[in-house]
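# I need the structure of the sequence given here:
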Amino acid sequence: MLSSCASQDLLTVNGSLGRSFAPCAPPPKPLCTAMSIPPPLSSFCNNPSQPRNPHLQISCHAFKKPATIEDRPKTDVQISVDFDNESDKAQTIIKLTAPGKPGLLQVVITALKDLGLSVSKATIDYENGILREKFWVQGPMGAKIQDPKDIKNVQRVLTNAINEPSFVPDKAATRPPPKMLAKQDLMPEESIEFRRRTDLLFGLMDQYLKNDVFSIQKSIVDHVEYTVARSRFRFDDFEAYQATAHSARDRLLESWNDTQQFFKDRNPKRVYYFSMEFLMGRSLLNSLSNLGIKDQYAQALKQLGFDLEVLAEQEIDAALGNGGLGRLAACFLDSFATLDLPAWGYGLRYQYGLFRQNIKDGFQLEQPDFWLNFGNPWEVERVHVSYSVKFYGRVDEEMRNGRSVHKWIPGEMVEAVAYDNPIPGYHTSNTINLRLWAAKPSGGFDMEAFNTGDYVNAILNKQKAEAISSILYPDDRSYQGKELRLKQQYFFVSASLQDIVRRYKDSHSNFEEFSNKVALHLNDTHPAIAVAELMRMLIDEEWLEWKEAWNIVTRVFSLTNHTIISESFEKWPVELMESLLPRHLQIIYEINRVFLEEAKKKVGSDFGRLARLSIVEEGSVKTIRMGNLAIVACHSINAVSQMHANYIKSTLLKDFCSIWPHKFQSKTNGVTQRRWLAFGNPALGDVITKWLGTEAWIKDLDIVAGLRQHASNPQLHAEWNQARYQNKMRLAQHIYNISGIRVSVDAMFDAQVKRIHEYKRQFLNLLSIIHRYDCIKNMAADERKRVVPRVCIFGGKAPPGYEFAKKIVKLVHAIGEKVNNDPEVGDLLKVIFIPDYNVSVAELIIPACDLSQHISTPGSEASGTGNMKFAMNGCLILGTLDGSNIEIRDEIGQENMFTFGVVVDDVPRLRTEHRNFQPPREFQRVLGMIRDGIFGFKDYFNALCDAVDGETGDYYLLGRDFLAYLEAQASVDTAFVDKEKWTEMSILSTAGSGKFSSDRAIREYAEQIWRVEPCKRPV
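Reported below is the predicted structural model:
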C-alpha cells in the first residue's frame, strides 16, 4: 500500500473514478525480493538499478470507493503496455491495462525503478475489475524512452511482473464442526431453533482464513481500513505493521479457539506455568514463521510496496521480563506449543516493565518503558474474564454445617482483568495461551466520590489499584516497596488460581480429579504464595477438610529453583503479611506446625536443623520464608543444571534433601532453536539445512549432530563463514547507527551481554581490556601488526539501586571513550556498549559474534541460557566451569571452547585465604591505571577497585583468576588466527548444541514431573 506525504497535494480526478498522484522524493533501495530484478535499459545506463523506497509515498484525499469495485480481479483482461512520446514534451507516458490486482500499482512502479527509470506522476482508473494506469517516466539522464529495444524490454518486464502467479486464492481449509448441535435440556422446538442457529454460525465460519498472497493482502488492507482506521491509499510503515500484525493474529486466533475447544473436549491433564516474567521479544516474524506463512506474507507485502523485515522493526519488544528467568519462560511456551502439550502460561501484564535504559555521558538513566503507548496488536483483552482479588481486612470464624470455618472480610478489593496472547507451535495446528493479568479498580472508577467533589481520592484509588501491575519488581528496600511486591505476587497467583479452578469446575462437580487434571508449576519462588492461596480456596470456599486440601496441594505443585544463594529466597515480615494477607498467615502457620511435627520424626531434637527447615524464621524481625514454603508444598523441586543440582543438595538445600531426597532432581535449561537459530539467524539456518539435507532439525535439534561429519569440509567452511560475515555486517551497521563508531568486520567480535552484576564479572573482562590496551600502547609498530583485532561488546542493565553495577556501565563507556579515540590503537581494539539490551538486540548480536564470555565465579550461576544461544549459533565460548558451561563443554568438547579459573569446590577455601593472597602485578597495574585517572572519574571508580583490592575484598575472586583469564584470552587469539581451525570449532559448537533445546527440557518436565501427555489437535 501507499503511505502519505503531507507536503504534496497532487490529486486530480479523471472521470468519476480516476485519481492521479506523484511520488515523494526517491528513497533507499530495498532488500532483495522474490521477483527477479531486470537489467537496466540499454540506451540509458550500465549501472545498477536506482535506489527506491520499500513503498511509494503519496498524498491523496476525498477518494470515495465506488460500489462497482470488486474484491476479485478479472482474469480475462488482456494485458497491454503502450508508449506515448507525443503528449508530453519531456517525459514518456506508459499506458497500462491489466486486471485490477491489489498492490499492482506498486509492483509496476517498483519494476520501473528497478529498470533505472524515474516516475514523476501516475494516474489510475479502476472500474469493474479493470485497471488502467498511466506513468510519466524518464530515463536516468532525463531522456525519453524511444529506443525500440528499450520499449520492448520495458514491455517484457512489466508483463512478467503483472503475470506473477501470486494472486490466485488458495482453497480454504475446513474447520471442525461444533461438537454439540443442540442442548439436551431444550424443548424440541427450542432444540430445532438452536440447531438452526448453530448450523448458520458454523456455515459462516466453516473455513479457515486462506493463506495465499491475494487473501493475505485483502486481510491486511481490510485491517488498514477497519482496524487501524486509515485510508487504504494512505498509511505508513507503522500502520502497515499494525495491520499486518492483526492479520496474522486473526490466523492465530482461529487456531487458538479450536485448540482450546479441542482441549476442552478431550479434557487432558493440563500444566499451568506460573512466572513473574515472560521476556517474549517481538512476535511478528516468530508467529509467521511458526505458522509457516512468512514467505507468503513477505511476498504479499512486497507487492503492496512494503518490506516485511522493515515492518518487523516497527514492533516494540514486550516489556514483560528482565533477563534469563523471563526468556526461559518464553522459550518454554514455544516448546509447549510445538510439542502439542496442553499448557497455559500465567503472568502479569506490566504497563511499564522494568525500565528503559538510556545512557547520558556514559551514565545509566532509567526511564519508564512505555511499550503499550501504541497498543499491543498481539493481545486480546478479555473484559468478561475478571476476578476480584482481596487485600487487608480481618478473618472471622463462623459455624457452618456443624464445623468451624474461616471467613476473610477484605479491606480492599482489586479486579484482575485477563489479556490473552496466542502462542503458536511450529509445524503443528496447536496454539496455546499466555494469559496476563492487569489490575483495575474494583467496580471501575469511583464516580460517586468524583461527583461529590472528592476528585483526588477517586483518582488515587484508581492509581493505587493499577500500580499493582505497573512495573516489574518494585524496589523493595522500603516497607512500601515490600508491600507492593507482595501485593503484586498475590494478585497474580490469586487471579490465576481462580481462573484454573473455574475451568476445572466447568467439567467436574468435586475435587477428586483435580490433581489428575491440573499441574501447577512455579518458575522460581516468586509465586510461592500460591500454595497458601490454593489452600485457602479449597478450605474456605470449597469446604474441603485440611488433610484433603493439603493432599491436593502437594500433588499439583512443582517448583523450578533458580537460586544458588540463600539470600535470593524471598522473606516477608510477619507484620506485613498479617496486615496484607491475614488469612494466608494463619494458613502458613498451620502448614509450618504440621510440617515441623513430621520433620521431628526424621531429625529428632536437632533444633538447629528444625530452625533452618522452618517456614517461619525467628529473629529481631520475624519473617516468612517463601522458598521454604514452596519446598514443603511441592512434590518436585528441580535445579536448572547438573552443577546447580549438586551444589544445592550439598549446601543451599542440604537439610531438605536429607529428609526428602526423592523430591530433588535436575532439569538443565534450554532455549528454542526456532527463535534463536532458525528464525533469528536464517543465513546460518539455511546452511545447516543444506548440509543436513533436512529442515527437521528445527523441531529436533539433536539432528544437528550430523554436521560433525562435514566439519572439516572446505565448502561448508566457505558457506558457514559467509553467513556469519553477513551477520557481522548487520551488527557493525547497528553499532555505527547508535554510536557513530565504525568497526572492522574482520576483527573478532567478542561479546559479554547479560545483566550487570558483580558475580557475572564484567569487571574482570574490563580489566583484561585495559591490560590489552596497555600492551598495545607499549608495542612497537611491527609488533602491533601481529595483534588480533577485537571489538569488545557489552550490553545489559544495572538494577536501579545497585551502585556497583551502575559504576560498571560507566567504566565501560569511560574505557571506550579512551580506546576508541586513540589513533595509535585504531581498529586493533574497540569497546562498545549497546544500550537497552533486550530480545531484539540479542537477535542482532548473538548471530554475529565470534566469542562470547560467560565468566561468573563458579558456584554463582545456576545455569545460564545466553551461553546456549551463542554456542548454538556457532559462537565459541570463553567461560568458567560454572552453571551450564560444564555441560556445554561435555557436549561440544573441551577442545572447542576456552575454559579457565578456579573450580567450585575451592571457592570457599580461597575466600577464607584471601588475606594471605598477593594479586599478580598485572592485576595491580590495571587497577592502578583506573585509580590514576587514565580513564577519568578516578574518585567515582575507586569503589570498584576497593571491592577487589582490599584485605577483605575480592569476594568473586577476580585477582585469583586474572592470570588464568589472560592465558585463556591468549589461546583465543591464537585460535582465531587459524581460520580453518576456528571455523571447524564453530561448526562443532553448533553440532554439539542438541541437548540445549528447550524442547528437550520441556519433554523431560512433562514426562518426569508433570505427567502430562501431548494433545495434538487434528487438522
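# how near is the spatially closest residue to Gln91 that is not a sequence neighbour to Ala705?
Take Gln91 and drop its neighbours on the chain: the residue closest to it by CB to CB, 6 or more residues apart in numbering is Trp136, 4.5 Å away. The way it works is simple: take the backbone N, C-alpha and C, and place the C-beta from them, glycine included. Here Trp136 is placed at a distance of 60 Å from Ala705 (CB to CB, to the nearest Å).
# With Asn85 instead?
Distance of Asn85 to Ala705, given as CB to CB: 65 Å.
# quick one, which of the two is more surrounded?
Ala705 (18 against 13; other CB atoms under 10 Å).
# Count the residues that sit near Gly866.
Neighbour count for Gly866, taken as other CB under 10 Å: 23.
# Need the pLDDT of it.
Gly866 is assigned 96 on the pLDDT scale.
# got the contact list for the residue nearest to it when sequence neighbours are not counted?
Distances taken as CB to CB, 6+ apart put Lys754 closest to Gly866, at 5.6 Å, once the chain neighbours are dropped. Each residue near Lys754 by CB atoms under 8 Å, 6 or more residues apart in numbering is listed here: 323-324, 760, 795-796, 866.
# Out of the residues you listed, which comes closest to Ser388?
Nearest to Ser388 among the contacts of Lys754 is Gly323, at 32.5 Å by CB to CB.
# and that closest one, what is it in contact with?
Applying CB under 8 Å, 6+ apart, we find Gly323 in contact with 277, 279, 754-755.
# Can you pull the phi/psi pair for it?
When quoted as degrees, to the nearest 10, the phi and psi of Gly323 stand at phi -150, psi -140.
# ditto for Ile631
Here is the backbone geometry of Ile631 (degrees, to the nearest 10): phi -70, psi -40.
# What about the contacts of Lys754, which are in helices?
Mapping these onto helices (DSSP state H) picks out 324, 866.
# Going by distance to Gln488, which of the contacts of Lys754 wins?
Closest to Gln488, out of all of the contacts of Lys754 and judged by CB to CB, is Gly323, at 17.9 Å.
# any idea how far Pro799 is from that closest one?
10 Å.
# likewise Leu325?
From Leu325 to Pro799 the distance is 14 Å (CB to CB).
# does the residue nearest to Ile79 when sequence neighbours are not counted count as helix, strand or coil?
Of all residues not flanking Ile79 in the chain, Ala98 sits nearest, at 5.0 Å (CB to CB, 6+ apart). What DSSP: H, G, I helix; E, B strand; the rest coil gives for Ala98 is strand.
# picking that back up, which pair in the contacts of Gly323 has the greatest spatial separation?
So, the contacts of Gly323 by CB to CB: farthest apart are Glu277 and Lys754, at 14.9 Å.
# any idea where the strands of the stretch 301-450 of the chain begin and end?
In the stretch 301-450 of the chain, the strands defined using DSSP state E, counting those that start in this stretch lie at 343-348, 356-360, 363-367, 380-391, 394-400, 403-409, 412-424, 431-441.
# Residues in contact with the first one: which ones?
Strand 343-348 is contacted by residues 270-278, 320, 329, 333, 336-337, 423, 432-438, 469, 472, 488, 491-492, 496, 499, 1012 when judged by CB under 8 Å, 6+ apart.
# again with stretch 725-739
By CB under 8 Å, 6+ apart, stretch 725-739 touches 681, 683-684, 741-745, 749, 791, 793, 832, 834-835, 844-845, 847-849.
# What of stretch 465-472?
Residues external to stretch 465-472 that are found in contact with it (CB under 8 Å, 6+ apart): 276-277, 319-322, 348-355, 368, 414-415, 437-442, 484, 487-488, 491.
# what's the burial count for Trp982?
Using other CB under 10 Å, Trp982 is surrounded by 20 other residues.
# now it: how far from Ser989?
Remark: distance between Trp982 and Ser989 (CB to CB) = 10 Å.
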